[in-house]
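Participant: Here is my input; please provide its structure:
(one chain, ligands or ions: 1)
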Amino acid sequence: MAIYINEPSHTFGEYLLIPGYSSVKCIPSNVDLTTPLVKFKKGEAPAISLNIPMTSAIMQSVSDNNMAVALAREGGLSFIYGSQSIESQAQMITKVKGYRAGFVISDSNVRPESTLADVLELKDKTGHSTMAVTDDGSPTGRLLGIITSRDYRISRMAPDTRAEDFMTRFEDLVCAGESTTLKEANDIIWEHKLNCLPVIDNDQRLVSLVFRKDYNEHKTNESELIDGSKRYIVGAGINTRDYEKRITALLKAGADVLCIDSSEGYSEWQKIVLDHVRKNYGDTVKIGAGNVVDKDGFRFLAEAGADFVKVGIGGGAICITREQKGIGRGQATALIEVSKARDEYYQETGVYIPICSDGGIVHDYHITLALAMGADFLMLGRYFARFDESPTKKVNINGSYMKEYWGEGSARARNWQRYDLGGDARLSFEEGVDSLVPYAGSLKDNVGLSLSKVRSTMCNCGCLSIPELQKNAKITLISSTSIVEGGAHDVVLKNDSKIL
Ligand SMILES: NC(=O)c1ccc[n+]([C@@H]2O[C@H](COP(=O)([O-])OP(=O)(O)OC[C@H]3O[C@@H](n4cnc5c(N)ncnc54)[C@H](O)[C@@H]3O)[C@@H](O)[C@H]2O)c1
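Facilitator: I've put the predicted structure just below:
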C-alpha cells in the first residue's frame, strides 16, 4: 500500500512569526546575516560563507555575469545558468572572476573602416555612445581611436563617413596602463577632465574602459563576497549529462562552487555526478545538489557527498511541475522536514550540511520565515528577474515597465539544447512558463530594503544571527481567516483605482 502523509503541506503565506523578547541590543545594525554556503565539521568554519542569505536562481532569465557581479557586491552569490553551451557559461564565469570594479570591458566596438551609419546602429543597440575603434572591431583589439557623440554631427556628415576619419585618434587620447589601480584611473580622469579613460596593454591592445560617471559605484561595499584574491565569488549550475566536460571548463574559468540543477534530485544521476567530483577533485571542489522535499531525499544527497542541499519542487512562480507531473510539496512543509533531517544528520555525524530554500518566496517576510524554518540561505528567481541587472529585456506594457521572466522548464529555456534528450521529441512537455514581472529598479536598492525588513523582524524575535533565529523563532500556522485579518480590511482604500 502507498504511504499516505495526511497532514496538508503548507506554504510560507500560511505562517507568521511570534515576537520574542528583544533586549536593547536588538537593533538592525547589530544583526549578522552571515551564513554557511557549504558543509563543515563541528567546530570548523565552512570553506565558503555568504554575507547575506541570498543566491540568484540558475536560470537564463536571472543569473548571468552582470547579475553575479551585482549580487556578490552586496554579499550574495549567483549560480550562472547551465542551460547554455559550456563555452559561453565558462566565459561568463571568466568575466566575473576577471571583473575589476570600475574597469568595464567595452561592449561597443567598431573597426576603422566602419561607417557613421554602423556607429549609429550600434549606439541604438547597446545604448552606449562611447565606442572603441580597434583594428579588428573586438573589445581586445589594437586601440586606434575612440568615438563619442561629440565626434560627429549627423546633420552635417554623410552616413558612409568612415570611423577613422572622425574618431579621436589614439595619438590624441589619454590612456592608462594595465597595472593602473582604480584610484589612479580616477585621478587621471579628474586631472585631464576626461569622461572615459581607455586602459591598454603593452601592445596597445584595449583592456577596459573607466568612466567618470561610474565613480560613485566604484567605492567598495563592506559586505561584498570576495575570494582571497579580491575577485567576486561566483557559482555555476551543471546538469547530469555533460557534467564531465562542463565541470572541467567551469573550474578552469574559476567557478568557486557548483550546483547540480534539476527539478528532482533524489536520483542516481546526482550520485553519479557527486561520485565523479569526489573521485577526481576530492573535497577541493564544492558542489550542491537537489532539489528534494523530504528527509529521505536529503539523507540520500547528504550521504552521496553534497556540500549543500537544495529544497523545493514546484514552488517557483513560473514553475508548473506540480500541475504537469503531480509531484511537489508546499515549500514551508518541505523546508521544515528537511531542516529537521539536516539537524539530525549534524547530531549523528558532526557534519553540518547547509540547506537552500528554492522557490515560493513572494513577500520579503517569507525570507525571514524560511530562515526561521531552518534554511541557511535562499535561492530566488522572480525576485532578481525584476532588477536592472537581470539579463532580460525591459519592456513597456500599457505604460508600465516589465521584465521578461521564463522558467528553465519552459520551451523557451530548453531551446538552447543541442544534444539529444532521448525519447520521442513529440512527447516532451513543458514544466515552466514564459512570463513578465514588474520592473523594480536596481538590485542594490531592493536587496537593501528586503534585508532591512529581515533584520527588523529578527530584532522583533530577539535574534541577532541566523542560527539564533533558527533555534529560537516561534512560528505559528494561521487560519485562512487570519490571513484576511492580516491585510487591510473593512476600510475603503483611498488609492484604489476602482473607486470613482
Ligand atoms: N525546482 C523546481 O521545482 C523545478 C521544476 C521544474 C523544472 N525546474 C528546472 O528546470 C530545469 C530542467 O529540470 P529537469 O528536472 O527537467 O532536468 P533534469 O536534467 O534533471 O532531468 C530531466 C530528465 O532527464 C533524466 N536524466 C538526467 N540525467 C540523465 C542522463 N545522464 N541520461 C539520461 N537521462 C537523464 C532525469 O531522470 C529526468 O527524467 C532545471 O533547471 C530545473 O531546476 C525546476
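
Participant: how about whichever residue of the stretch 1-150 of the chain sits closest to the ligand, secondary structure?
Facilitator: In the stretch 1-150 of the chain, the residue that lies nearest the ligand is Ile58 (5.8 Å; C-beta to the nearest ligand atom). Heads up, the C-betas are built off the backbone N, CA and C, glycines and all. Assigned by DSSP: H, G, I helix; E, B strand; the rest coil, the conformation of Ile58 is coil.

Participant: How about Leu197?
Facilitator: Judged by three-state DSSP, the three-state class of Leu197 is strand.

Participant: Cross-check the contact I'm expecting between the residue of the stretch 1-150 of the chain closest to the ligand and Gly407.
Facilitator: No. The pair Ile58 / Gly407 is not scored as a contact, 11.4 Å apart, by C-beta atoms under 8 Å.

Participant: thinking again about what came up before, any idea which element the closest residue to the residue of the stretch 1-150 of the chain closest to the ligand other than its chain neighbours lies in?
Facilitator: Residue nearest to Ile58 in three dimensions, not counting chain neighbours: Gly237, with 3.4 Å by C-beta to C-beta, 6 or more residues apart in numbering. Here Gly237, judged by DSSP states H and E, is contained in strand 235-238.

Participant: does that strand come close to the ligand?
Facilitator: No. Shown here: strand 235-238 not in contact with the ligand (C-beta under 6 Å from any ligand atom), separated by at least 6.9 Å.

Participant: distance between that strand and the chain's centre?
Facilitator: In terms of C-alpha atoms, centre = their mean, to the nearest Å, the centre of strand 235-238 is set 11 Å apart from its chain centre.

Participant: where does the residue nearest to Ile478 when sequence neighbours are not counted fall, phi/psi-wise?
Facilitator: Spatially, and ignoring its direct neighbours in sequence, Ile478 is nearest to Leu16 (5.6 Å; C-beta to C-beta, 6+ apart). Phi and psi for Leu16, reported as degrees, to the nearest 10, are phi -140, psi 160.

Participant: ok, now Arg246?
Facilitator: phi -60, psi -50.

Participant: and it, how far is that from Tyr81?
Facilitator: The gap separating Arg246 from Tyr81 is 12 Å, by C-beta to C-beta, to the nearest Å.

Participant: And Lys193, by the same measure?
Facilitator: Separation of Lys193 from Tyr81 (C-beta to C-beta): 42 Å.

Participant: Same check on Ile154?
Facilitator: Separation of Ile154 from Tyr81 (C-beta to C-beta): 39 Å.

Participant: The two: who's more crowded?
Facilitator: Legend: neighbour count by other C-beta atoms under 10 Å for Ile154 and Tyr81, higher for Tyr81 (26 against 11).

Participant: Spit out the contact partners of that one.
Facilitator: Applying C-beta atoms under 8 Å, 6 or more residues apart in numbering to Tyr81 gives the contacts Ile58, Met59, Gln60, Val62, Ser63, Asp64, Gln89, Gly237, Glu408.

Participant: Let me know the pLDDT of it.
Facilitator: Per-residue confidence at Tyr81 stands at 98 (pLDDT).

Participant: what does Gly13 give?
Facilitator: Gly13 is given a pLDDT of 96.

Participant: what's the neighbour count on it?
Facilitator: Residues lying near Gly13 (other C-beta under 10 Å) number 18.

Participant: Please identify which helix or strand holds the residue of the chain positioned farthest from its centre.
Facilitator: Distance from the C-alpha centroid of the chain peaks at Arg156, with 45.7 Å (C-alpha atoms, centre = their mean). Counting by DSSP H and E, no helix or strand carries Arg156.

Participant: residues contacting it?
Facilitator: Residues near Arg156 by C-beta under 8 Å, 6+ apart: none.

Participant: List phi and psi for it.
Facilitator: phi -110, psi -10.

Participant: ok, it to the ligand distance?
Facilitator: The spacing between Arg156 and the ligand, counted by C-beta to the nearest ligand atom, to the nearest Å, is 53 Å.

Participant: Please report the distance of that residue from Gly288.
Facilitator: Separation of Arg156 from Gly288 (C-beta to C-beta) stands at 59 Å.

Participant: what does Lys125 give?
Facilitator: Distance, Lys125 to Gly288, using C-beta to C-beta: 37 Å.

Participant: Please list the outside residues in contact with stretch 36-46.
Facilitator: Stretch 36-46 has contacts (C-beta under 8 Å, 6+ apart) with 47-50, 77, 257, 286, 288, 306-308, 346, 350-354, 376-377.

Participant: and with 10 Å instead?
Facilitator: For stretch 36-46, the surrounding residues in contact (C-beta atoms under 10 Å, 6 or more residues apart in numbering) are 34-35, 47-50, 53, 55, 77, 225, 233, 235, 256-257, 283, 286-288, 302, 305-309, 342, 345-347, 349-354, 356, 376-377, 466-467.

Participant: Filter these down to the buried ones, PyMOL style.
Facilitator: Per 16 or more other C-beta atoms under 10 Å, the buried members of the contacts of stretch 36-46 correspond to this PyMOL selection:
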select buried, resi 35+47+48+49+50+53+55+77+225+233+235+256+257+286+287+288+302+305+306+307+308+309+342+345+346+352+353+354+356+376+377+466+467
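
Participant: next SSE after the helix or strand containing Tyr365?
Facilitator: According to DSSP H and E, Tyr365 maps onto helix 364-372. As assigned by DSSP H and E, the chain's next helix or strand after helix 364-372 is strand 377-380.

Participant: okay, and the common contacts of Arg246 and Tyr81?
Facilitator: Counting by C-beta under 10 Å, 6+ apart, the residues touching both Arg246 and Tyr81 are Gln89, Ala236, Gly237.

Participant: And the first one, its phi and psi?
Facilitator: Read that as Gln89. Per-residue torsions, Gln89: phi -70, psi -40 (degrees, to the nearest 10).
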